[in-house]
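Q: sequence first, predicted coordinates after that:
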Amino acid sequence: MLLGLAIGTWVGGFDILYACQDLEFDRGHGLRSIPVRFGVPAALAISRALHLVTVLCLAALGVVAGLGPVYHAGSALVAMLLVYEQSLVSADDLSQVKRAFDLNGYVGLLYLLTTGVALYVG
């Protein structure tokens with residue numbers, strides 16, 4: 001359940017970032033995206049809150065499952081990448097969403113690699 005929540009909030013948090021760049025399209029087509037409904041600054045705050053939940057769930061999963069220091073180090077690196085990803089995008093400058101998108105792919109690979117090592121190597 002913790003892993004599912006972590007993945008859902010990770011993807012949801014990034015999807016909101018990505019949706020911010022489509023604000024005018026969404027408005028023009030009557031779509032009710034989070035950035036349209038709440039505005040870009042609030043959408044970014046929601047995205048950040050979701051990524052915080054992601055990090056908390058990953059940390060809790062490591063404790064509950066007894067995954068050890070490799071897992072926790074990997075989760076800490078994931079948290080740092082998410083912080084950096086969030087720092088790339090602001091309400092005044094959405095030009096770095098593509099960089100954040102590319103970085104988000106590394107988040108998943110890093111988590112997979114460190115979790116695999118934690119499970120199979122110890």
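A: Ah, there it is. Quick caveat: nothing in here was measured; it's all calculated off a predicted structure.
Q: quick one: mean pLDDT for stretch 97-111?
A: Summarised as a single mean, pLDDT over stretch 97-111 is 93.
Q: also stretch 72-88?
A: 97.
Q: show me what counts as buried in it.
A: 72, 74, 75, 77, 78, 79, 81, 82, 85, 86, 88 (16 or more other C-beta atoms under 10 Å). Backbone N, C-alpha and C define where each C-beta goes, glycine included.
Q: what does stretch 51-67 give?
A: 51, 52, 53, 54, 55, 57, 58, 59, 61, 62, 67.
Q: now do stretch 2-17
A: Under 16+ other C-beta under 10 Å, the buried positions of stretch 2-17 are 2, 5, 6, 9, 10, 12, 13, 14, 16, 17.
Q: per-residue pLDDT of the first one, please?
A: Right, the one you point to is residue 2. 98.
Q: correct me if wrong: it contacts residue 61.
A: Yes - Residue 2 is within contact range of residue 61, at 4.2 Å (criterion: C-beta atoms under 8 Å).
Q: quick one: contacts for residue 70?
A: Neighbour list for residue 70: 114, 117, 118, 121, 122 [criterion: C-beta atoms under 8 Å, 6 or more residues apart in numbering].
Q: for residue 9, see how far away the third one is.
A: With distances defined as C-beta to C-beta, to the nearest Å, the gap from residue 118 to residue 9 amounts to 21 Å.
Q: from the contacts of residue 70, keep the buried residues only.
A: 114, 118.
Q: will you turn the contacts of residue 70 into CSV that also has secondary structure, pLDDT and distance to residue 37?
A: Output for the contacts of residue 70, formatted as CSV (DSSP: H, G, I helix; E, B strand; the rest coil; pLDDT from 0 to 100; distance: C-beta to C-beta, whole Å):
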residue, secondary structure, pLDDT, distance to residue 37
114, helix, 97, 36
117, helix, 96, 41
118, helix, 95, 39
121, coil, 88, 45
122, coil, 68, 47
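Q: going by distance to residue 92, which of the contacts of residue 70 wins?
A: Nearest to residue 92 out of the contacts of residue 70 is residue 114 (C-beta to C-beta; 34.1 Å).
Q: so what does the residue nearest in space to the middle of the chain have for phi and psi?
A: Centrality entry for the chain: nearest residue to the mean C-alpha point is residue 10, 3.6 Å, by C-alpha atoms, centre = their mean. Residue 10 adopts backbone torsions of phi -60, psi -50, taken as degrees, to the nearest 10.
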